[in-house]
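Undergrad: this one's sequence-less:
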């Protein structure tokens with residue numbers, strides 16, 4: 001199963017507008033979920049895409065409340 005283009009790690013969508021998506025994701029995962037960079041880097045491309053999609057979903061859900 002592939003993620004929609006809007007949620008792919010190479011997409012223009014940013015966690016913070018104008019930022020580096022992957023760096024912002026690494027910071028978010030480290031700060032909020034206590035992931036190490038090695039945990040993220042050790043994942044395959046599909047896992048990294050899924051981590052981005054779930055982080056974006058979590059952020060959107062928090063913004064709605």
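TA: That came through fine. Predicted model, so just to flag it, every value in this text is computed and none were measured.
Undergrad: Residue 52: how many residues sit nearby?
TA: Counted with other Cβ atoms under 10 Å, the neighbours of residue 52 add up to 24. C-betas here are computed from N, CA, C, even on glycine.
Undergrad: what about it, helix or strand, and which?
TA: helix 45-64 (DSSP states H and E).
Undergrad: other SSEs contacting that helix?
TA: Packing partners of helix 45-64 (3 or more Cβ pairs under 8 Å, 6 or more residues apart in numbering; DSSP states H and E): helix 21-33.
Undergrad: Mind listing residues that contact the next helix-or-strand element following the helix it packs on?
TA: Helices and strands here follow DSSP H and E; after helix 21-33, the next one along the chain is helix 37-41. Helix 37-41 is touched from outside by 25, 26, 29, 30, 48, 51, with contacts defined as Cβ atoms under 8 Å, 6 or more residues apart in numbering.
Undergrad: which ones are touching the last one?
TA: Spelled out, it's residue 51. 25, 29, 40, 43.
Undergrad: Buried among those residues? Make that a ChimeraX selection.
TA: In ChimeraX, this line selects whichever of the contacts of residue 51 come out buried by 16 or more other Cβ atoms under 10 Å:
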select :25,29,40
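Undergrad: Just send the contacts of residue 51 back as JSON lines, with distance to residue 59 too.
TA: As requested, the contacts of residue 51 are exported to JSON lines (distance: Cβ to Cβ, whole Å):
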{"residue": "25", "distance to residue 59": "10"}
{"residue": "29", "distance to residue 59": "12"}
{"residue": "40", "distance to residue 59": "17"}
{"residue": "43", "distance to residue 59": "19"}
